[in-house]
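*Asks:* Next come a sequence and a model predicted from it.
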Amino acid sequence: MIIKILGTGCPKCKALQASVEWVVKELWLDASVQKIEDMSEIMQYDIMATPALIVDEEVIFSGSIPQLEKIKKILSHKKLSKDFLDWSCCK
């Protein structure tokens, strides 16, 4: 799983990054967390505000920091979906 935090380095962006990194460790996820601060790269995603959370190139949310439990739920669901696809006969 590739997780990207889009933001210019503001306190909200840093808080989202810290929350995501905590959840990745808490759930023992096989994930890479990347912080994207370059505006030209951020503009490649269809978002109106930062911070934004991107998981495997899918925009999950932008413009706010969800509660920790919501981040856990989102990343758990993404992991379960990926695990299912990895084991399914219909790859």
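*Replies:* Alright, I've got the coordinates.

*Asks:* show me where this protein has strands.
*Replies:* Counting by DSSP state E, the chain has strands at residues 2-6, 32-36, 52-55, 58-62.

*Asks:* May I have the residues that are in contact with Ile47?
*Replies:* Shown in contact with Ile47 (C-beta atoms under 8 Å, 6 or more residues apart in numbering): Leu6, Val59, Ser62, Gly63. In short, each C-beta sits where N, CA and C put it, glycine included.

*Asks:* hmm, try it at 10 Å
*Replies:* Contacts for Ile47 (C-beta atoms under 10 Å, 6 or more residues apart in numbering) come out as Leu6, Leu53, Ile54, Val59, Phe61, Ser62, Gly63.

*Asks:* How much space separates it from Gly7?
*Replies:* Note on Ile47: its distance to Gly7, by C-beta to C-beta, to the nearest Å, is 10 Å.

*Asks:* Show me whatever sits in contact with both of these two.
*Replies:* In terms of C-beta under 10 Å, 6+ apart, Ile47 and Gly7 are both contacted by the residues Leu53, Ser62.

*Asks:* if I read this right, Ala31 contacts Val23, doesn't it?
*Replies:* Yes. Assessed by C-beta atoms under 10 Å, Ala31 is found in contact with Val23 at 9.2 Å.

*Asks:* so what sits against both of those two?
*Replies:* Counting by C-beta under 10 Å, 6+ apart, the contacts common to Ala31 and Val23 are Ile3, Leu75.

*Asks:* among the contacts of Ile47, which ones are buried?
*Replies:* Neighbour-count burial (16 or more other C-beta atoms under 10 Å) applied to the contacts of Ile47 gives Leu6, Leu53, Ile54, Phe61, Ser62.

*Asks:* Just flag the most distant two among those residues.
*Replies:* Largest separation among the buried ones among the contacts of Ile47 by C-beta to C-beta: Leu6 and Phe61, giving 10.8 Å.
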